[in-house]
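>>> next one to model:
(2 chains)
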Amino acid sequence: MTTTLNAFEVFEIAEQIERNGAKFYRRAAKISGEPGIRNMFLGLVEWECRHEQVFARMRKSLSKQSRELRTFKPEQMPPDTKAMAGLAVFGIRPNPADELTGREGAADILRKAIEKEKDSIVFYNGLKEFVSARAGRDKIDDIIREEMHHIRILGQSLEQRE
Amino acid sequence: MPMPFNADEVFEMAEQLERNGAKFYRAAAEKFAEARQVLLDLAAMEDEHEKTFAAMRAELSGAEVQPPVFDPDSEAQMYLRVLADGHVFDIKADLVEQLADKNTPEDVLKMAIGAEKDSIVFYAGLKECVSRKAGKDKVEAIIKEELDHIATLNEKLEALK
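Alright, predicted model coming up:
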């Protein structure tokens, strides 16, 4: 297993998390029988696609800054790269869409979705350490808040079914 | 809509999470000698987190959890309510009881990682409800420490392979 990660790798993982999230929600929407919950999942697909774009732009922006500064050195990475590698376990999971067999009930799908969102919140809190205010740390805070919103709506939907 | 949480309720939940965490780590340390020291160190850190939250609660006691600058739909409050109601994780769960069917250090480390993740998820919401003046930076610092705990637990898990 990789023992350290650099900022580019961390953003790539973030993009992968969002791609996996979108795939999961598309699959969830496809297998959900209830129109209300299906629409909620389709709405979440759009959120995750937007998040992926934000992370992709931030990664490109990092790369551009490095070329401009010409002083990008791996040893200047924050000391928490090892910690981030540990958190990557939340980001580098097998494709979550594959976890949905089609036989799950709504409550099971919602619980799995909540776990994915929790993983994202944890990973992005770690990701913030790699990003200065100038490089867009506030954008990551925005995404964290949006993932918390996802948990809120998923949790309320689950409550109605338990 | 349910009554908003006040500071007392929210910080009490945070203290409970830390107390549960410390108890769990101490019980786990007794059960698994291979990971004893790292678990005891984590227990001590959770004790400190509990004290931080208790001090914050004492300072804010009686006050409403101050809404963030922009929370027109009480989103942060609703988030905490969903967490408190147990649909995201069970805040009141007895982690020591759950330890009973964990028979390897790997299982307990994975369980610990799950519990730390739940703490971070809760504190992310708590942070949104606490102003800078009331100690938002202290909550941020605790989130960072819980992230470090996950890193430590992962390292130990890797070392056991």
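>>> I figured A:Phe123 hits A:Glu15, correct?
No - proximity of A:Phe123 to A:Glu15 does not meet the contact threshold set by CB atoms under 8 Å, at 11.7 Å. For every residue, glycine as well, the C-beta is placed using N, CA and C.
>>> B:Phe122: neighbouring residues, count only.
If you count neighbours by other CB atoms under 10 Å in any protein chain shown, B:Phe122 ends up with 23.
>>> which secondary structure elements does the helix or strand harbouring it contact?
Here B:Phe122 is covered by helix B:105-129, with elements defined by DSSP states H and E. Packing partners of helix B:105-129 (3 or more CB pairs under 8 Å, 6 or more residues apart in numbering or on different chains; DSSP states H and E): helix A:106-127, helix A:137-161, helix B:7-31, helix B:75-84, helix B:95-99, helix B:136-159.
>>> and the shortest one, what does it pack onto?
Using 3+ CB pairs under 8 Å, 6+ apart as the contact criterion, the elements in contact with helix B:95-99 are helix B:7-31, helix B:105-129.
>>> highest mean neighbour count out of those?
Neighbour counts (mean count of other CB atoms under 10 Å in any protein chain shown) averaged over each of the helices and strands packed on helix B:95-99 peak at helix B:105-129, with a mean of 22.
>>> quick one: low-confidence parts of chain A?
The model of chain A has pLDDT under 70 over residues A:1-4, A:63-83, A:85-86, A:89-92.
>>> show me the contacts for the closest residue to A:Gly33 other than its chain neighbours.
Nearest residue to A:Gly33 in three dimensions, chain neighbours excluded: A:Ala106, at 7.8 Å (CB to CB, 6 or more residues apart in numbering or on different chains). Contacts for A:Ala106 were tallied using CB atoms under 8 Å, 6 or more residues apart in numbering or on different chains; they are A:32-34, A:37, A:157, A:161.
>>> export those residues to TSV and tack on neighbour count?
Converted to TSV, those look like this (neighbours: other CB atoms under 10 Å in any protein chain shown):
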residue	neighbour count
A:Ser32	22
A:Gly33	8
A:Glu34	11
A:Ile37	19
A:Ser157	22
A:Arg161	13
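>>> of all the residues you listed, which two lie farthest apart?
Farthest-apart pair in these is A:Gly33 and A:Ser157; separation 13.9 Å (CB to CB).
>>> list the contacts of the most centrally placed residue in chain B.
Most central in chain B under CA atoms, centre = their mean is B:Ser119, positioned 3.1 Å from the mean C-alpha point. When contacts are counted by CB under 8 Å, 6+ apart, B:Ser119 touches B:17-18, B:21, B:146.
>>> and B:Asn103, how many residues sit next to it?
Residue neighbour count, defined by other CB under 10 Å, stands at 11 for B:Asn103.
>>> from A:Glu9, how far off is it?
Plainly put, B:Asn103 is 35 Å away from A:Glu9 if you go by CB to CB, to the nearest Å.
>>> could you do A:Ile17 as well?
From A:Ile17 to A:Glu9 the distance is 13 Å (CB to CB).
>>> one more: B:Asp8?
Using CB to CB, B:Asp8 is found at 43 Å from A:Glu9.
>>> for A:Ala56, same thing?
For A:Ala56 relative to A:Glu9 (CB to CB), the value is 14 Å.
>>> do the same with A:Pro35
40 Å.
>>> need the pLDDT of B:Ala63.
In this model, B:Ala63 is scored at 56, pLDDT.
>>> ok, which residues in chain B are in contact with chain A?
Proximity of chain B to chain A, by CB under 8 Å from any CB of the partner chain, involves residues B:75-76, B:78-79, B:82-83, B:85, B:87-89, B:113, B:117-118, B:120-121, B:124-125, B:128, B:143-144, B:147-148, B:150-151, B:153-155, B:158.
>>> one step back: format the helices and strands packed on helix B:105-129 as a markdown table; extra columns: distance to A:Trp47.
Below are the helices and strands packed on helix B:105-129 laid out as a markdown table (distance: least, CB to CB, whole Å):
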| stretch | distance to A:Trp47 |
| --- | --- |
| helix A:106-127 | 10 |
| helix A:137-161 | 6 |
| helix B:7-31 | 26 |
| helix B:75-84 | 14 |
| helix B:95-99 | 32 |
| helix B:136-159 | 22 |
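>>> for B:Leu60, find the nearest of these.
Smallest distance to B:Leu60 across the helices and strands packed on helix B:105-129 (CB to CB): 3.7 Å, for helix B:7-31.
>>> which elements pack onto the stretch of helix or strand A:Glu9 belongs to?
Using DSSP H and E, A:Glu9 sits within helix A:7-31. Applying 3+ CB pairs under 8 Å, 6+ apart, one finds that helix A:7-31 makes contact with helix A:35-69, helix A:81-91, helix A:106-127.
>>> sounds good, over and out.
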